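**Student:** output the structure for:
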Amino acid sequence: MKLATTISTPMFTRAIVRPPAPNFADGLTTVDLGPPDYQRARKQHEDYCAALERCGLTLIRLAADPRYPDSTFVEDTAVLANQHAVLTRPGASSRTGEVANIRDALADFYPSTLSINSPATLDGGDVCEAGNHFFIGISERTNEAGAQQLAELLARFGYTSSLVDIRKSGAGVPPVTHAQDARATHHILHLKSDLSSLGDNRLAVIEALANRPEFRGYDLVRVNDDEMYAANCIRVNDHVLVAAGYPAFAGTLRELGYQTIELEMTEFQKMDGGLSCLSLRF
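**Tutor:** Numbering: from 1, shown residues only. This next block holds a predicted model:
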C-alpha cells in the first residue's frame, strides 16, 4: 500500500559545490573499483548540479582545486546547522587544506564560524542531521574527541545528538560486502555512506546498522545488501536524489510518496564518494 509522505516547506535555498580536478584519481579511496574517468566524473557532477538547481537551490560554484584531489567532496569540510557553521578538521591529513577555501565561501552567509580543534578530527560525512537531532559517527576519520566537540557545540545551538561508533573494533559492525561493487568487501568509511535522513522522522539505513539502538523511534527504510551504496541519498526540498542503478530502493522511495531524481555516480563511487559528499546544502 502506498503511504503518503508529508512534503515540508523547502528547507534549502543554496548549495556549495566544487567540480573534480583533473587529478581526481589521485585522491583517497578504500575500494578497488578501478580509477575514475575524469571526463565522465565531470559530466556526472554537472548532472548533479543541475538536479540541485531543479530542486530550487542557487549554487555557489567553487573552482576545481588540483592541490587537493578529494576537494570535490565539500561536505567533509563543514557542518551547517541553521544559522551556525562549524568548520571541521578532516581525519585525512591530505585534506586539511580544503577547509580554508570553504571558510571563505561560507563567510557571506555565516559571518561567525566555529572550528573543531586538535587533537580532534571530524569529517562532515560522519554527521547526519535528522531534524533537530544529529547522528555523529565515530569512524576512522572522525575520532571520539571530534564527535564530542561537535556534540557540545550542537548542544549550545539547541540541538541534541547521538554518537554512533562505526569502527570495526568498537561497533560490532563487520565488514560489509557490496555485491554490485565488483564484490568488493570494505568497512563503513563514513556514517552517511550507509545512513540518510529522509525527513518525516524517517531514515534510510543499511541492514548492518538497522538494529542500532540510536535509531530506535525512527521509521527505518532498510536498504538491502545488494544495494547498500544507494543508502547515501539526499532529501532536497520536494525531491530525493538517489544513485542510479539501484531499482529496488528507488522503487521503495516512490512507493513512500517521494519524488526521486536518479543520478549516475559511478566515478565518485570509485573514490568513496556519494551524493551527499558533493555539496554543502543550506
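
**Student:** and the longest helix for the protein?
**Tutor:** Across the chain, the longest stretch assigned as helix under DSSP state H is helix 38-54.

**Student:** tell me what it is packed against?
**Tutor:** Under the contact criterion of 3 or more Cβ pairs under 8 Å, 6 or more residues apart in numbering; DSSP states H and E, helix 38-54 touches strand 14-17, strand 58-61, strand 239-243, strand 259-263, helix 266-269. All C-beta spots, glycine's among them, are computed from the backbone N, C-alpha and C.

**Student:** contacts for that helix, please.
**Tutor:** Defining contact as Cβ atoms under 8 Å, 6 or more residues apart in numbering, one finds that helix 38-54 is touched by 15, 17, 19-20, 22, 24-25, 59, 61, 72, 236, 239, 241, 261, 263-268, 275, 278-279, 281.

**Student:** of those, keep whichever come out buried.
**Tutor:** Applying 16 or more other Cβ atoms under 10 Å to the contacts of helix 38-54, the neighbour count classes 15, 17, 19-20, 24-25, 72, 236, 239, 241, 261, 263, 265-268, 275, 278-279, 281 as buried.

**Student:** low-confidence ranges, the chain, go.
**Tutor:** Along the chain, the model assigns pLDDT under 70 to residues 1-10, 169-187.

**Student:** just the helices in the stretch 101-250 of the chain please.
**Tutor:** For the stretch 101-250 of the chain, applying DSSP state H, counting those that start in this stretch gives helices covering 144-157, 168-171, 207-210, 247-255.

**Student:** just the C-alpha atoms of the third one, please, in CSV.
**Tutor:** What follows is the C-alpha trace of helix 207-210 in CSV, where atoms were taken according to Å, rounded to 0.1, in the frame of the first residue of the first chain:
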residue,chain,number,x,y,z
GLU,A,207,20.8,-3.7,7.3
ALA,A,208,24.1,-3.8,9.1
LEU,A,209,23.1,-0.7,11.0
ALA,A,210,19.4,-1.0,11.2
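
**Student:** buried residues in that helix?
**Tutor:** The neighbour-count check on helix 207-210 (16+ other Cβ under 10 Å) flags 208-209 as buried.

**Student:** do the same with the last one
**Tutor:** Buried residues in helix 247-255, counted by 16+ other Cβ under 10 Å: 249-250, 252-253.

**Student:** need the residues you listed in TSV (columns: distance to residue 48).
**Tutor:** Shown next, in TSV, are the buried residues of helix 247-255 (distance: Cβ to Cβ, whole Å):
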residue	distance to residue 48
249	18
250	16
252	22
253	18
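
**Student:** ok, of these, which one's closest to residue 106?
**Tutor:** For the buried residues of helix 247-255, the residue nearest residue 106 by Cβ to Cβ is residue 253; the value is 30.5 Å.

**Student:** pretty sure the closest one is touching residue 247, no?
**Tutor:** No - under the criterion of Cβ atoms under 8 Å, residue 253 makes no contact with residue 247, lying 10.8 Å away.

**Student:** angle of the longest helix of the chain against strand 239-243?
**Tutor:** 170 degrees (axes from the mean of the first three to the mean of the last three Cα atoms, to 10 degrees).

**Student:** give the buried residues for helix 38-54.
**Tutor:** Buried, per 16+ other Cβ under 10 Å, within helix 38-54: 41-42, 44-45, 48-49, 51-52.

**Student:** and stretch 232-240, by the same measure?
**Tutor:** For stretch 232-240, by 16+ other Cβ under 10 Å, it's 232-237, 239-240.
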